[in-house]
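K.L.:
next one to model:
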Amino acid sequence: MTGMRRVFAAMSFALAVSAGAFAARAAPPPLSAADRAELEKVSASLNAIRSMKGQFIQIDPNGDIAQGAFELSKPGRVRFEYAPPTPTLIVSDGTTVAVENAKLGTMDRYPLGQTPLDLILSDEIDLAHNHEIVGVERGQDSLVIRARSRGGRAEGNIALTFSLPDLELRQWTVIDNQGLATTVALRDTQSGVDIPASQFVIPDRNPFAHKPRQ
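P.N.:
Numbers count the residues shown, from 1 in each chain. All right, here's what the predicted structure looks like:
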């Protein structure tokens with residue numbers, strides 16, 4: 001999986017990159033008043049979270065499983081550290097998202113505003129007025145919000161699952177252009193925790209950078 005695809009797999013519940021923002025998009029089905037009310041509750045729940053940490057499990061289209069730990073601190077900072085043998089580390093420092101592959105010795109960087117992370121890590125989340133939301137489904141013990149990536153499609157390709165009645169984000173599933181699904185489930189989450197700022201410092205692989213003057 002490429003670096004950017006790994007970012008999408010890890011955090012694409014936040015409604016995908018804005019690379020297709022200028023493409024003509026088909027209008028999604030209108031949301032009902034009840035749908036918008038649910039979205040407002042979810043938005044309030046997400047906005048109440050200022051920091052969080054926990055574990056995650058990722059299942060890719062081949063059934064391969066990766067897992068690790070995540071930490072986030074608003075606005076804009078997150079760390080997804082995959083457990084061995086997956087050699088991936090994802091860090092956002094509030095401006096830049098870096099994807100490190102320790103096995104290949106690579107470090108790819110992307111502006112935060114061009115990744116899915118920007119929405120979920122922003123100070124004010126407003127799903128009720130987000131044009132990428134295409135549907136809300138309420139079950140007995142879960143609420144599923146379906147969204148689309150910003151690529152001109154009318155149907156949803158992202159499903160976010162929240163537990164009821166506490167509206168805690170439990171998992172998300174992303175369907176790619178080939179119809180293949182990647183699911184990420186969260187567990188053992190804790191909110192309102194103190195996380196050292198050092199956790200969101202992007203590793204620098206440039207041996208000549210930031211060297212102190214002699």
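K.L.:
shaky segments in this protein?
P.N.:
1-28, 114-119, 149-156, 205-214 (pLDDT under 70).
K.L.:
longest single helix anywhere in it?
P.N.:
Of all the segments assigned as helix in the chain under DSSP state H, the longest by residue count is helix 33-47.
K.L.:
just the element for the closest residue in space to residue 163 that isn't next to it in sequence, please.
P.N.:
Once flanking residues are discounted, residue 163 sits nearest to residue 170: 5.2 Å by CB to CB, 6 or more residues apart in numbering. The C-beta positions use only the backbone N, C-alpha and C, and glycine is treated the same way. Residue 170 belongs to strand 169-175 when assigned by DSSP states H and E.
K.L.:
what are the buried residues along that strand?
P.N.:
Applying a neighbour-count criterion of 16 or more other CB atoms under 10 Å, one finds 169, 171, 172, 173, 174, 175 buried in strand 169-175.
K.L.:
same question, stretch 42-60
P.N.:
Buried residues in stretch 42-60 (16+ other CB under 10 Å): 42, 43, 46, 49, 52, 53, 56, 58, 59, 60.
K.L.:
quick one: which two of the residues you listed are the most distant?
P.N.:
Farthest apart among these by CB to CB are 43 and 60. That separation is 29.2 Å.
K.L.:
tell me how many other residues surround residue 35.
P.N.:
19 (other CB atoms under 10 Å).
K.L.:
that one: what's it in contact with?
P.N.:
Contact analysis of residue 35 by CB atoms under 8 Å, 6 or more residues apart in numbering lists 135, 136.
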